[in-house]
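Visitor: What shape does this take:
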Amino acid sequence: MSPPGWIRSRWWAPVVLVTAAFALFWPVLGLSLLSDDHVAVWRTGLHGGPWRTGFFRPLADLTIRWGGVLHGPDALSYRIFNVALHGLNTWLVLVLGRQWLGPTRGPWAAWMAAVLFLVYPFHLESVVWIVGRESAMATTFSLIAVVVLGSDAPAARRTWASAGSFFLGALCYESALLLPLIVLPLVATRQPVAWPRFGPWALAWGLAVLAQMGLRMLLQGDMKDSYGGGFFAHDGLTYLFNVPKVLGRLFLPPTPEPGEQVARFAALLFVILVVIIVWARRARRSPGSMTPVEALLWSLLVSCVLPVLGGVSTRTSESDRFLYMPSVFLALLLAFALTQFRNRHLRNVSFVVLVAASVQFTWKGLLDWKAASERTAEVITSLPPAPAEGRLLVQGLPDNIGGAFVFRNGFAEALLLAGRDTARIVVVPPDTLFLDRTAAVEVGAMDRVYDLSEQQP
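Guide: Alright, predicted model coming up:
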């Protein structure tokens, strides 16, 4: 039985999914700038300069600059861009699902994947945090590259167009640099779609890698940046411990209770093992080929390299932006798993339960970002002026609320955006403020100490 025409039609799909993204994230569109947002908007958005050192994300920085030119420091306009981008990515997941999951499973599987990606609760940093758009933009260009590469356009056109899209994604965020590793075995085995020939693909994408490396050398004088280099500064044991943390955080919300973390992970591991055993017994594959589920598993594993290198928190939602690209392939995998249910009612109920649970966790995460925004605004508005003849020494700046950033960075820029004079306002690190000359910060007779740690958030 073929699906109804409104499922088969395509022109309306991006409109529906972008609208759904705005409906889901409507409560946080009015949030203030947060943490690094202040630095980006002040330095790049309003003044057109590089807003941070140690990063190579020029295309993402350009969107901050264009936003400053078009609408100034207005946080709402920046957030509209982020949410619309997430809606666009959701539609691209739908298109990729139609390609990879195949016509035998119908469009329902692709729509399930798109909805699961839309409401996925553990990548909110990339949507709510304005600076988090970097990882979402890299995913946009990566998805375009894979979708174009697997399309039915002429081989040469899709080979070079996909290489160009990959090149642009690598100018947004480091996660896009993993894309050649994701695509390599898929093109080599010509699964799960009819890819172009391996040789032309390797040439086009190899030139894109060289162009990206050359641009890095031209703009920053080095192949690596300090941020990316920091990913490789840990010992092997750290990365080994990061593997189960990333696996757990793909499926589970953060919790500050270690015992609860262990219990949740044990249950998750049991479920995963059962699924693997059942799938292995049912799987049928030809030698040298790759099934859709194997292609998805490979893509998920490779996309998780960045969160393993960078680390994710199991206590708060900090660094969940690392999970944005992996969540694409996780949503596709979950949709694939749902199509294996022969009982339609069981499949539909399972899908509804997954969506409902995801929405619940998403809203909980959005409440943390809302609280972080309120705390940010409260700190700025309640900050007293500096003494007429001395300095205002600010101590105890709140860092985050449940992983949602408050003032991890950007306090001075937040004051400047608010029209405050920062010349005599000094941020003092915790536990360094004393009244003797041997202290890290010497308090003058005319100085005033303002300790935010004494205030209730």
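
Visitor: Quick check: nearest residue in space to the most centrally placed residue in the chain, chain neighbours excluded?
Guide: What sits nearest the mean C-alpha location of the chain, by CA atoms, centre = their mean, is residue 321, with 2.9 Å. Closest residue to residue 321 in three dimensions, ignoring its sequence neighbours and counting by CB to CB, 6 or more residues apart in numbering: residue 125, at 3.9 Å. Heads up, the C-betas are built off the backbone N, CA and C, glycines and all.

Visitor: just checking, the one you found touches residue 132?
Guide: Yes: contact criterion CB atoms under 8 Å: residue 125 and residue 132 qualify, at 4.4 Å.

Visitor: shared neighbours, those two?
Guide: residue 321 (CB atoms under 8 Å, 6 or more residues apart in numbering).

Visitor: So, low pLDDT: which residues of this structure?
Guide: The chain contains residues with pLDDT under 70 at 1-9, 53, 103-106, 221-230, 279-290, 430-441, 454-457.

Visitor: Can you tell me how far the residue nearest to residue 321 is from residue 278?
Guide: 34 Å (CB to CB, to the nearest Å).

Visitor: So the two - more neighbours on which side?
Guide: residue 125 (25 against 12; other CB atoms under 10 Å).

Visitor: who's in contact with that one?
Guide: 132, 135, 317, 318, 319, 320, 321, 324.

Visitor: Now restrict these to buried residues only.
Guide: Listed as buried from the contacts of residue 125 are 132, 135, 317, 318, 320, 321, 324; burial here means 16 or more other CB atoms under 10 Å.

Visitor: Counting residues, which helix of this structure comes out longest?
Guide: Taking DSSP state H as the criterion, the chain has its longest helix at helix 344-382.

Visitor: Report all helices and strands that that helix contacts.
Guide: Counting contacts by 3 or more CB pairs under 8 Å, 6 or more residues apart in numbering; DSSP states H and E, helix 344-382 packs against helix 13-25, helix 106-119, helix 324-339, strand 400-401, strand 404-405, helix 411-417.

Visitor: out of those, which comes closest to residue 33?
Guide: Residue 33 sits nearest to helix 411-417 of all those, at 6.9 Å, using CB to CB.

Visitor: Grab the CA positions of that closest one and hand them over as PDB.
Guide: Provided in PDB are the C-alpha atoms of helix 411-417 (Å, rounded to 0.1, in the frame of the first residue of the first chain):
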ATOM      1  CA  PHE A 411      31.700  39.400  31.200                       C
ATOM      2  CA  ALA A 412      33.500  42.500  30.000                       C
ATOM      3  CA  GLU A 413      31.800  42.400  26.600                       C
ATOM      4  CA  ALA A 414      28.400  41.900  28.300                       C
ATOM      5  CA  LEU A 415      29.000  45.100  30.200                       C
ATOM      6  CA  LEU A 416      30.100  46.900  27.100                       C
ATOM      7  CA  LEU A 417      27.000  45.800  25.200                       C
END
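
Visitor: For it, what is the distance to the chain centroid?
Guide: Mean C-alpha position of helix 411-417 versus that of the full chain (CA atoms, centre = their mean, to the nearest Å) differs by 25 Å.

Visitor: What is the subsequent helix or strand relative to it?
Guide: Under the assignment DSSP states H and E, the closest C-terminal helix or strand after helix 411-417 is strand 425-428.

Visitor: what comes into contact with that next one?
Guide: Outside strand 425-428, the residues within contact range by CB under 8 Å, 6+ apart are 383, 386, 391-395, 397, 411-412, 415, 440-441.

Visitor: mind giving me CSV with those and columns for neighbour count and distance to residue 91?
Guide: Shown next, in CSV, are the contacts of strand 425-428 (neighbours: other CB atoms under 10 Å; distance: CB to CB, whole Å):
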residue, neighbour count, distance to residue 91
383, 18, 43
386, 22, 50
391, 19, 52
392, 18, 49
393, 21, 50
394, 23, 44
395, 19, 47
397, 17, 39
411, 22, 38
412, 16, 39
415, 19, 39
440, 10, 52
441, 16, 52
